[in-house]
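Novice: could you look at this predicted model? Sequence included:
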Amino acid sequence: MEYIVMFGIGLLATTLGTLAGGGGLISLPAMLLLGIPVHSAIGANKVSNTVSSFSSFYYLIKKKTITLKESVWLVPVSLLGGITGGLIATAIPEEQMYVVVSILLLFAFVTSFFGKKGFGGTSDLEISKKSVAGLYSIGIYDGMFGPGQGTLMLYLFSYLNISYIRAIGFVRLATFSSCFGAAATYIAAGEIIWPLTLALLVGSVAGAQAGVRIAEKLNPKYVKPILRVVTILLLVQILWTRF
């Protein structure tokens, strides 16, 4: 029964995470409620996210929605950002991190109401000061803290005038990059409860495939409202955890 629950958690969390980020709103609290130790729960998330992120990225590469040539540079930028964030994480008190993430999410939420940019863009993803700085900064944040990383990246790609389905492919590649190293760390530390993690992983892969197929059919005008709802839920969860 526990394995079925873990499969369901992975399915729901990764479907949401693929569409709008914020999959951790479901997965981590649910695993903690099941009594799974926090490090094992985080490790299970990292392992399952690594595989599921790559599966949805590979699906879009195979369909030629995105190309490896235009997206491969995301990997070193995200990895470097994650490493930088990990290195400076200990220098920032936890209380200040809650403030930082709340400001970032609130800023993204407010700016989403300005301008006409949505997810109907037709631009290619190019290496520029804005794209590299934005992805590197989000990578640092992911390395330091993490919740809402996918949501922030979708806001960034909207600003860069990237279409929604292509933005999802880029986000999933960046998520794979940032989670890969973390997953290896948790595995090496022996924190992984493998039977439960594998059940979560199977559900996450199913959720990633479901999410990317829903995204292909989703009208871009509905994406910003979904992102705003997820942003509010993330803010509520962070403030609840803090206070």
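Specialist: Here it is on my side, so go on.

Novice: drop to CA atoms for contacts and neighbour counts, all remaining ones
Specialist: OK.

Novice: center of the protein, which residue is that?
Specialist: Residue closest to the average C-alpha location in the chain (CA atoms, centre = their mean): Gly150, at 3.2 Å.

Novice: what's the offset of the host helix or strand of that residue from the middle of its chain?
Specialist: Assigned by DSSP states H and E, Gly150 belongs to helix 149-159. Mean-position distance between helix 149-159 and its chain equals 10 Å (CA atoms, centre = their mean, to the nearest Å).

Novice: helices or strands next to that helix in the packing?
Specialist: Contact here means 3 or more CA pairs under 8 Å, 6 or more residues apart in numbering; DSSP states H and E; on that basis helix 149-159 packs against helix 2-20, helix 94-111, helix 129-144, helix 164-188, helix 223-242.

Novice: next one: the lowest-mean-pLDDT helix or strand in the chain to chain centre, how far?
Specialist: Ranking every helix and strand in the chain by mean pLDDT, DSSP states H and E puts helix 94-111 at the bottom, with a mean of 73. Counting by CA atoms, centre = their mean, helix 94-111 is centred 16 Å from the centre of its parent chain.

Novice: helices or strands next to it in the packing?
Specialist: Packing contacts for helix 94-111, counted by 3+ CA pairs under 8 Å, 6+ apart, involve helix 149-159, helix 223-242.

Novice: how does it look with 10 Å?
Specialist: On a contact count with 3 or more CA pairs under 10 Å, 6 or more residues apart in numbering; DSSP states H and E, helix 94-111 meets helix 129-144, helix 149-159, helix 223-242.

Novice: so how far is the longest one off the chain centroid?
Specialist: Mean-position distance between helix 223-242 and its chain equals 14 Å (CA atoms, centre = their mean).

Novice: run the angle between it and helix 149-159 for me.
Specialist: If you take axes from the mean of the first three to the mean of the last three CA atoms, to 10 degrees, helix 223-242 sits at 150 degrees to helix 149-159.

Novice: packing partners for helix 223-242?
Specialist: helix 2-20, helix 24-33, helix 94-111, helix 149-159.

Novice: average pLDDT for the one helix or strand Ala215 maps to?
Specialist: Element membership for Ala215 (DSSP H and E) is helix 194-217. The pLDDT scores in helix 194-217 average 97.

Novice: in that helix, which residues are buried?
Specialist: 196-213, 215 (16 or more other CA atoms under 10 Å).

Novice: distance of Val77 relative to Thr84?
Specialist: To Thr84, Val77 is 11 Å away according to CA to CA, to the nearest Å.

Novice: also Val75?
Specialist: From Val75 across to Thr84, the span is 14 Å (CA to CA).

Novice: low-confidence stretches in this protein?
Specialist: Residue ranges of the chain with pLDDT under 70: 86, 89-95, 97-98, 101, 115-117, 143-147, 242-243.

Novice: how about the helices and strands packed on helix 149-159 in CSV, adding mean neighbour count?
Specialist: Output for those, formatted as CSV (neighbours: other CA atoms under 10 Å):
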stretch, mean neighbour count
helix 2-20, 23
helix 94-111, 15
helix 129-144, 20
helix 164-188, 23
helix 223-242, 16
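
Novice: any chance of the ones you listed in a markdown table with distance to Gly43 as columns?
Specialist: Shown next, in a markdown table, are the helices and strands packed on helix 149-159 (distance: least, CA to CA, whole Å):
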| stretch | distance to Gly43 |
| --- | --- |
| helix 2-20 | 13 |
| helix 94-111 | 20 |
| helix 129-144 | 14 |
| helix 164-188 | 5 |
| helix 223-242 | 20 |
